[in-house]
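1. this one's structure only:
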Ligand SMILES: Nc1ncnc2c1ncn2[C@@H]1O[C@H](COP(=O)(O)OP(=O)(O)O)[C@@H](O)[C@H]1O
Ligand SMILES: N[C@@H](CCOP(=O)(O)O)C(=O)O
């Protein structure tokens, strides 16, 4: 039996829609695989009651098909589904790493990214790789049609998750089809600033680079209390705040010593609009980790 722990991730980071992603130190999914003549999937853990065990509907099933690797698969969810924290991707990433090893398929970690992304197509309609890339590789990732570029980074983060659900598929429907050139120019500038910030481990540059005038303004309307929570996080010292993935999670970049205050401020601000929330005080972290039992 093989076990893989694959981390939650936060995609987009504002200015990098469908391109940027970071691995979070916590939470994570744990997936156990054993060879079997036919694939079976069982799901336990947070939000497991909302996750299909049918291999045709679970992100992990698409990975089994892509690797031609039937298995008895047990998924222990640490990442709540429909969170904006890459829940569907964490299971797919873990399964890709585990099944590649179980069947000795010989793919490199980078080659596993498009394979795991097949799972995302099942749930969101598109095989976007911006969550599976950091979940497999760790650090900060830039996923484009040409492949993935990865840098290790250790930016402190707060990921705040309200008791609300937004499906990635629905949130993709509010993404504008066109953008004004001046918004595109600003966003390209912010994306470049953020990338330099990750390479230099500079929370100020990362936070500044999280600004985006194209996708986030539309997505944020789907999150009750978004402006209030964002303002509270900035007031408490966050260097930047944006929607995590498709939401409803929100992500703040910051200095290590400010995490506790930012986490409390975000949870309190959600509470003030009648929404229960929890916050993960974390850091850009490692990718999927394999254990043999
Ligand atoms: N292994 C899985 N883990 C989590 N969600 C899954 C999985 N397989 C299928 N799903 C479905 O994917 C949807 C959640 O994915 P998505 O909307 O992308 O949110 P998230 O941001 O949490 O990944 C839910 O409808 C869930 O039932
Ligand atoms: N780029 C995708 C990322 C979705 O992330 P998730 O964590 O909400 O699944 C998008 O923004 O649609």
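-> It's in. This one's a predicted model, so the numbers in the text were calculated from it and none came from an experiment. Numbers count the residues shown, from 1 in each chain. Ligands and ions are numbered 1, 2, ... in the order given.
2. look at residue 259 and give its secondary structure.
-> Recorded secondary structure, residue 259: helix (DSSP: H, G, I helix; E, B strand; the rest coil).
3. how about it, nearest residue that isn't a chain neighbour?
-> Leaving aside its chain neighbours, residue 259 sits nearest to residue 281 (4.3 Å; criterion: CB to CB, 6 or more residues apart in numbering). The C-beta positions use only the backbone N, C-alpha and C, and glycine is treated the same way.
4. okay, and the one you found sits in which element?
-> Element membership of residue 281 [criterion: DSSP states H and E] is strand 277-283.
5. please see if that strand touches ligand 2.
-> No: under the criterion of CB under 6 Å from any ligand atom, ligand 2 is not reached by strand 277-283; the shortest gap measures 13.6 Å.
6. list the strands paired with that strand, with their directions.
-> strand 156-162 (antiparallel) (DSSP bridges).
7. what's the average pLDDT for the partner strand?
-> Per-residue pLDDT over strand 156-162 has a mean of 98.
8. how far out from the middle of the chain is the very next helix or strand once past it?
-> Using DSSP H and E, the helix or strand that follows strand 156-162 in sequence is helix 168-172. From the chain centre to the centre of helix 168-172 is a distance of 14 Å (CA atoms, centre = their mean, to the nearest Å).
9. repeat that for stretch 205-221.
-> 16 Å.
10. and the protein, what are its domain boundaries?
-> 2-151+285-291, 156-283 (the TED database).
11. wondering if the shortest one reaches ligand 1 at all.
-> Just to be clear, that refers to domain 156-283. Yes: using CB under 6 Å from any ligand atom, domain 156-283 reaches ligand 1 at 167, 168, 245, 246.
12. check the longest one too.
-> Yes: part of domain 2-151+285-291 sits close enough to ligand 1 to count as contact by CB under 6 Å from any ligand atom, namely 50-52, 58-60, 75, 81-89, 91, 123-124.
13. wait, doesn't residue 44 sit right on residue 75?
-> Yes: Residue 44 lies in contact with residue 75 (CB atoms under 8 Å); the separation is 7.3 Å.
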